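**Student:** what's the 3D shape of this:
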Amino acid sequence: MLSELRLRRAAGLSTDRWREVAVEPRRSTRLGVSFRPPQADALGLDAHATLLQILTFPFEIVRLGAYWNRIERQPGMFDPTELDRQVDAAEQAGKQVILCVGALKTFGYPEFFVPAHRLAAPLREGVLIEPAAHRSLLDAACEFATRLVERYRGRNGIVAWQVEHEAVDPLGMEHSWRLSTSFVRAEVEAVRKADPTRPLMMNGFLPTSAPVRLQQWWRTRDQGDSLAVAQQLADVVGIDYYPRHALLGIGGTTLYLEGETSSSDRRRRRALFAWARTQGKRLMVSEGQAEPWEAVTTPPNPSAQTMSSCAPEHVIQNYNRCMHWARDEDFALDAYIFWGAEYWILRKRSGDPRYMQAVARILEDS
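**Tutor:** Numbers count the residues shown, from 1 in each chain. As a prediction, the model looks like this:
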């Protein structure tokens, strides 16, 4: 465990090391990107203009999220205008869309997007959110997801639905409540009923270091983590891969967990590939780290510097590592979806195009 800890200066000088990293071939793996309006807002970007810029890249897939508290801002309201514009723009750009219909957890901080009027009291910490004790919330979540699927199932661009985000894991260190498998299963059944023709994707975090792996096992030991539940319920299992992230920052120095050379994820990863091969299931990297994960909720944007948790060369290295997995297992990943596009645009506007250039190299050379 100690070998995976690093104490580093959080920010270092920007370099062009990303130009020197060879790019692994992706074979049949499609490349994509997630779009997070809350992140664009947090970075001070215009969300729709940011999406339009992202869509100019030759990605094949874009993952969009239906944020419940943005669509249902008050009781009786259902206004998906913002999401309509996103789906329209993606289709006009010729992209395939994975649409996360939520409902409670959707990708992007703070991951929990239930409208305030849907909860009489905050969810109690340390408990499983079971259908019997939260019937009205489950009914509302299923109704919301069903309504979205019915609205967009006629769109040719949508190739899969996502139900929840890291469905049964706790929300980081901020909340210890978790959705029960039975709660999520009911949502899955509602989505399948509304559209039995498209595959359903569910994702989970793949721990890359021993401390995180042990913590995740302990916190989810009663019903398994989100990857295990995805294997039970989904057609496509998405792996969220973040090999470097901060634990604690003090001044300009940060303690990091660096798992890119660790063997902590090897057994779980190989078991996933073996399961997918024998069961005829699809695997993708639903989130490949391509922006910093520091000890703050919004990635810093330092002038002429890059953050230690994810420099531009790491964007290529993280992609390469996942392509190595697929090659070693003789299994084609369905897709590799980059996480961090809004940050690349912020950096370019701040005078540092290196993140976008690194991603462009992958798109051109893979």
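**Student:** tell me which residue lies nearest the centroid of the chain.
**Tutor:** The centroid of the chain falls nearest to residue 287 when counting by CA atoms, centre = their mean (4.3 Å).
**Student:** correct me if wrong: that residue contacts residue 337.
**Tutor:** Yes - with contact defined as CB atoms under 8 Å, residue 287 counts as touching residue 337 (6.4 Å). Quick note: C-beta positions are derived from backbone N, CA and C, even for glycine.
**Student:** if we can go back for a sec, surely the residue nearest to the centre of the chain is within a strand?
**Tutor:** Yes - counting by DSSP: H, G, I helix; E, B strand; the rest coil, residue 287 is found in a strand.
**Student:** list the residues that contact it.
**Tutor:** Contact analysis of residue 287 by CB atoms under 8 Å, 6 or more residues apart in numbering lists 34, 107, 203, 238-242, 337, 339.
**Student:** list the contacts of residue 318.
**Tutor:** Per CB under 8 Å, 6+ apart, neighbours of residue 318: 241, 243, 260, 288-290, 310.
**Student:** I misspoke; the intended subject was residue 48.
**Tutor:** By CB under 8 Å, 6+ apart, the neighbours of residue 48 are 82, 85-86, 89.
**Student:** please indicate which of these are buried?
**Tutor:** Buried subset of the contacts of residue 48 (neighbour count, 16 or more other CB atoms under 10 Å): 86, 89.
**Student:** between the contacts of residue 48, which is nearest residue 137?
**Tutor:** Proximity of the contacts of residue 48 to residue 137 was ranked by CB to CB; the top entry is residue 82 with 23.3 Å.
**Student:** I'd say the closest one and residue 69 touch.
**Tutor:** No - taking CB under 8 Å as the definition, residue 82 is not a contact partner of residue 69, at 12.0 Å.
**Student:** one step back: nearest to residue 25 among the contacts of residue 318?
**Tutor:** Closest to residue 25, out of all of those and judged by CB to CB, is residue 288, at 15.8 Å.
**Student:** identify the bridge partners of residue 248.
**Tutor:** With DSSP bridges as the criterion, residue 248 is bridged to residue 255.
**Student:** tell me how far it lies from residue 75.
**Tutor:** 41 Å (CB to CB, to the nearest Å).
**Student:** swap in residue 45?
**Tutor:** From residue 45 over to residue 75 the distance is 31 Å, taken as CB to CB.
**Student:** likewise for residue 220?
**Tutor:** Residue 220 is 33 Å from residue 75, by CB to CB.
**Student:** how about residue 182?
**Tutor:** 27 Å.
**Student:** so between these two, which is more surrounded?
**Tutor:** A count of neighbours by other CB atoms under 10 Å puts residue 182 above the other of residue 182 and residue 75, at 14 against 8.
**Student:** tell me which element the more buried one is part of?
**Tutor:** Here residue 182 sits within helix 181-194, counting by DSSP states H and E.
**Student:** elements contacting that helix?
**Tutor:** helix 135-152, strand 200-205, helix 226-233 (3 or more CB pairs under 8 Å, 6 or more residues apart in numbering; DSSP states H and E).
**Student:** looking at the ones you listed, which is closest to residue 96?
**Tutor:** Closest to residue 96 of the helices and strands packed on helix 181-194, according to CB to CB: strand 200-205, at 12.0 Å.
**Student:** can you give the contact residues for the closest one?
**Tutor:** 98, 160-167, 169, 188, 191-192, 216, 225-230, 233-240, 242, 284, 286-287.
**Student:** next, the angle helix 181-194 makes with it.
**Tutor:** Per axes from the mean of the first three to the mean of the last three CA atoms, to 10 degrees, the angle that strand 200-205 makes with helix 181-194 is 150 degrees.
**Student:** put the alpha carbons of whatever helix or strand comes next after strand 200-205 into PDB.
**Tutor:** Moving toward the C-terminus from strand 200-205, the next helix or strand (DSSP H and E) is helix 210-220. C-alpha atoms of helix 210-220 as PDB (Å, rounded to 0.1, in the frame of the first residue of the first chain):
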ATOM      1  CA  ALA A 210      -4.900  -1.500  -2.600                       C
ATOM      2  CA  PRO A 211      -6.200   1.100  -0.200                       C
ATOM      3  CA  VAL A 212      -9.100   2.000  -2.400                       C
ATOM      4  CA  ARG A 213      -9.800  -1.600  -3.300                       C
ATOM      5  CA  LEU A 214     -10.000  -2.500   0.400                       C
ATOM      6  CA  GLN A 215     -12.200   0.500   1.300                       C
ATOM      7  CA  GLN A 216     -14.600  -0.200  -1.600                       C
ATOM      8  CA  TRP A 217     -14.900  -3.900  -0.600                       C
ATOM      9  CA  TRP A 218     -15.600  -2.900   3.000                       C
ATOM     10  CA  ARG A 219     -18.200  -0.300   2.200                       C
ATOM     11  CA  THR A 220     -20.100  -2.500  -0.400                       C
END
